[in-house]
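would you be able to build a 3D model of this:
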Amino acid sequence: MALLEMRNINKSFFGVPVLQNIDLTVEAGEIHALLGENGAGKSTLMNILGGVYTKDDGSIVFDGQVIDHMTIRKAEELGIAFVHQELNIINELRVYENLFLKRELTGFGGRLLKKEMIEETRQFFAGLGVEIEPTLYAAELDISKKQLLEIAIALHKNAKLIILDEPTSALNNEEIDSFFNLVRTAAHEGAAFIFISHKMPEIFALADRYTVLRDGELIISGAISDVTPQDLTKAMIGKSTQNTTFKGMEKDVEAEVVLEIKNLSGEGFKDINLSLRKGEVISITGLRGAGCSELLSAIFGLKEPTAGEIWVKGERLPTGDIKEAMRRGIGMVPADRKENAVIDNMCVLENSYVSEHCLTPRRQNIRTKRELARYRPLENKLNIKTNSEKAPIVSFSGGNQQKVILARWLNTEADILLLDNPTQGIDVGAKEEIYALVNDLAAEGKSILIHTLEIPEIKKMADSCVVFYHGGIAESLCHEDICEERVVELATQADFDNNKTETNEAGKENE
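I've put the predicted structure just below:
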């Protein structure tokens with residue numbers, strides 16, 4: 001009997017179907033890969049299983065028990081654990097306290113048996129091959145140790161089914177090996193895993209079976225041994241999106257190099273070498289956690305690199321200094337507009353000039369007439385649609401907010417723009433306007449390094465595409481070579497065993 005059977009699961013939000021007749025079966029002791037692009041429905045399906053969302057239709061049977069109404073508490077009682085990308089470790093508690101939270105060992109009068117819990121934690125970690133000191137505060141652990149701790153917590157609760165959502169995104173190769181050993185050991189002892197990942201080498205190294213979702217529908221399911229990485233890639237993306245004509249100008253290979261990255265390493269990326277010329281648009285892309293956003297943050301001074309150099313227009317840029325990056329003509333539009341860009345208690349006009357005033361402290365007196373004279377041309381250039389420049393910026397659409405943030409950097413006369421997922425959370429029409437703006441700015445001589453996860457966007461904006469995998473550059477593609485299938489293969493390393501596949505096929509023919 002299967003441990004988990006989900007049949008004909010349907011879910012809609014505000015009348016829009018996001019899951020349509022989805023089936024998923026997981027056996028005890030099985031490692032099941034759940035695959036699909038962003039927005040395919042994986043998270044929604046798992047949130048239904050974990051009790052976060054309520055299914056509209058369909059059935060769930062877990063360990064022989066029909067579950068009519070799944071809740072978070074019910075899922076926990078059944079032995080379903082969810083290890084999210086956003087970790088749920090409590091930093092203010094020690095490691096052993098996190099492990100035993102709500103299940104503390106107590107003695108007479110409810111006294112906490114701290115020594116016993118610490119010793120059990122130490123022995124439990126030893127059995128898993130996890131090297132974490134139980135008495136440390138969780139806040140003292142790096143992100144990789146926190147990830148291992150959360151997985152260990154799920155195993156310590158004797159969970160029957162553990163959902164792992166991109167669990168290796170913050171782990172290095174050695175830690176990934178330890179994690180794989182941990183999962184295999186637990187699976188051998190009967191625990192089942194649903195493994196959500198885009199990384200083909202990991203999927204083929206770890207999973208027994210797979211299920212692929214696309215646009216909220218079940219595409220294919222079966223044994224990993226019966227498919228190749230290329231088969232799964234094609235199932236995930238379906239028919240490639242039609243390439244759109246590139247709107248920009250031809251790349252000037254003789255143009256001045258305005259930004260040069262030399263052997264740069266830091267949190268999330270390593271040994272990056274990249275050059276950006278005047279008027280050039282380079283896209284960097286990869287899976288979430290591949291290091292693209294972290295690289296942009298390091299260039300802008302938000303994070304301090306651990307090695308390497310950054311050069312701007314022939315001069316070395318001091319790292320970890322945002323204001324110096326701004327002085328050198330670098331501007332950044334971050335991915336999380338709400339948290340890191342929009343100042344919600346300021347109006348549109350104030351948001352547009354705040355960075356320029358950071359660079360010109362001698363002009364701290366705000367002269368509205370002067371600021372309006374600088375803002376109006378940018379409003380027209382970027383087609384910012386607001387009823388009044390004095391209106392709160394939060395009262396406008398995401399697309400218009402994004403344009404205001406871009407205007408903020410043009411107001412500083414920045415000529416190197418770092419755009420981190422600039423079309424995230426905006427509608428299709430606003431996206432097209434952003435594409436056109438990027439090309440227009442490049443034609444004017446601005447140099448743009450843009451991170452996006454959407455391959456059609458890359459085709460519309462970029463001269464070339466640098467694909468990241470696990471913190472390093474997998475390959476750089478010229479504009480003519482950019483296609484969705486190739487980028488996905490590089491970003492997931494789906495072609496990691498091409499030679500192995502060809503060798504096996506040759507061997508079969510000889511037989």
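
please count neighbours and contacts with C-alpha atoms only from this point.
Noted.

for C483, which non-adjacent residue is closest in space?
Closest residue to C483 apart from its sequence neighbours, by CA to CA, 6 or more residues apart in numbering: I455 at 7.3 Å.

what's near enough to touch that neighbour?
Neighbouring residues of I455 by CA atoms under 8 Å, 6 or more residues apart in numbering: 483-484, 487.

just the buried residues of those residues.
Among those, the ones that count as buried by 16 or more other CA atoms under 10 Å are 483-484, 487.

and the residue nearest to C483, how far from F468?
13 Å (CA to CA, to the nearest Å).

repeat for D208
Per CA to CA, D208 is found 27 Å from F468.

where does the stretch 401-511 of the chain dip in pLDDT?
Counting by pLDDT under 70, the stretch 401-511 of the chain shows low-confidence ranges at 425-430, 495-511.

can you classify the residue sitting nearest the centre point of the chain by secondary structure?
Nearest to the geometric centre of the chain sits R288, at 2.4 Å (CA atoms, centre = their mean). Under DSSP: H, G, I helix; E, B strand; the rest coil, R288 falls in the coil class.

and the chain, split by domain according to the record?
The record, using automatic domain parsing to delimit domains, assigns the chain the ranges 4-89+141-227, 255-329+415-511, 340-414.

returning to what we had before: between D208 and F468, which is the more surrounded one?
Just comparing D208 and F468: by other CA atoms under 10 Å the higher neighbour count belongs to F468, 27 against 16.

the more buried one reaches G291, doesn't it?
Yes: the pair F468 / G291 is scored as a contact, 7.0 Å apart, by CA atoms under 8 Å.

hang on, the earlier thing: now, the contacts of I455 that are in strands?
Per DSSP state E, strands hold no members of the contacts of I455.

spit out the contact partners of G445.
278-280, 415.

top of those by neighbour count?
E280 (32 neighbours).

would you mind giving both backbone torsions of it?
phi -100, psi 150 (degrees, to the nearest 10).

distance of it relative to I416?
10 Å.

shared neighbours, those two?
By CA under 8 Å, 6+ apart, E280 and I416 have these common neighbours: 446-448.

make JSON lines from those and add neighbour count to it.
Converted to JSON lines, the shared contacts of E280 and I416 look like this (neighbours: other CA atoms under 10 Å):
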{"residue": "K446", "neighbour count": "22"}
{"residue": "S447", "neighbour count": "26"}
{"residue": "I448", "neighbour count": "29"}
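
can you redo those as JSON lines with distance to K313?
Listed next are those as JSON lines, based on distance: CA to CA, whole Å:
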{"residue": "K446", "distance to K313": "13"}
{"residue": "S447", "distance to K313": "12"}
{"residue": "I448", "distance to K313": "14"}
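
count of neighbours near the closest residue to K431 other than its chain neighbours?
In this structure, K431 finds its nearest non-sequential neighbour in T423, 5.7 Å apart by CA to CA, 6+ apart. T423 has 22 neighbouring residues, counting by other CA under 10 Å.

does T423 sit in a helix or strand, and which one?
Counting by DSSP states H and E, there is no helix or strand that carries T423.

how far away is the nearest residue in space to Y137 that is not next to it in sequence from L182?
Nearest non-adjacent residue to Y137, counting by CA to CA, 6+ apart: R94, 3.9 Å away. Look at R94 and L182: by CA to CA, they are 22 Å apart.

likewise I143?
18 Å.

can you give me the helices in the stretch 401-511 of the chain?
Taking DSSP state H, counting those that start in this stretch, the helices of the stretch 401-511 of the chain run over residues 428-443, 455-461, 484-492, 498-510.

ditto for the stretch 251-400 of the chain
For the stretch 251-400 of the chain, the helices defined by DSSP H, counting those that start in this stretch occupy 292-300, 322-327, 337-340, 348-359, 368-382, 398-411.

just the stretch 1-150 of the chain next, same as before
42-49, 72-78, 95-99, 114-128, 143-156.

for L274, which of those is the nearest?
Among the helices of the stretch 1-150 of the chain, the nearest to L274 by CA to CA is helix 143-156 (26.9 Å).

where in the protein is pLDDT low?
For the chain (pLDDT under 70), the answer is 38-39, 85-86, 169-174, 239-253, 337-338, 361-364, 387, 397, 425-430, 495-511.

tell me where the stretch 1-150 of the chain has strands.
In the stretch 1-150 of the chain, the segments counted as strands under DSSP state E, counting those that start in this stretch are 4-13, 16-26, 31-35, 57-62, 65-67, 80-83.

now those in TSV, with distance to Y375?
Supplementary listing: the strands of the stretch 1-150 of the chain in TSV, determined by distance: least, CA to CA, whole Å:
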stretch	distance to Y375
strand 4-13	39
strand 16-26	39
strand 31-35	46
strand 57-62	52
strand 65-67	58
strand 80-83	46
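
need the winner for burial among these.
strand 31-35 (a mean of 26; mean count of other CA atoms under 10 Å).

and that one with strand 16-26, angle?
Here the directions of strand 31-35 and strand 16-26 differ by 160 degrees (axes from the mean of the first three to the mean of the last three CA atoms, to 10 degrees).

would you mind pulling the contact partners of strand 31-35?
Outside strand 31-35, the residues touching it (CA under 8 Å, 6+ apart) are 26, 42, 187, 192-198, 203, 206-213, 236.

now the angle from it to helix 42-49?
Going by the same axes, to 10 degrees, strand 31-35 makes 130 degrees with helix 42-49.

what strands flank strand 31-35, and is each parallel or antiparallel?
Neighbouring strands of strand 31-35 in its sheet, by DSSP bridges, are strand 192-196 (parallel), strand 209-214 (parallel).
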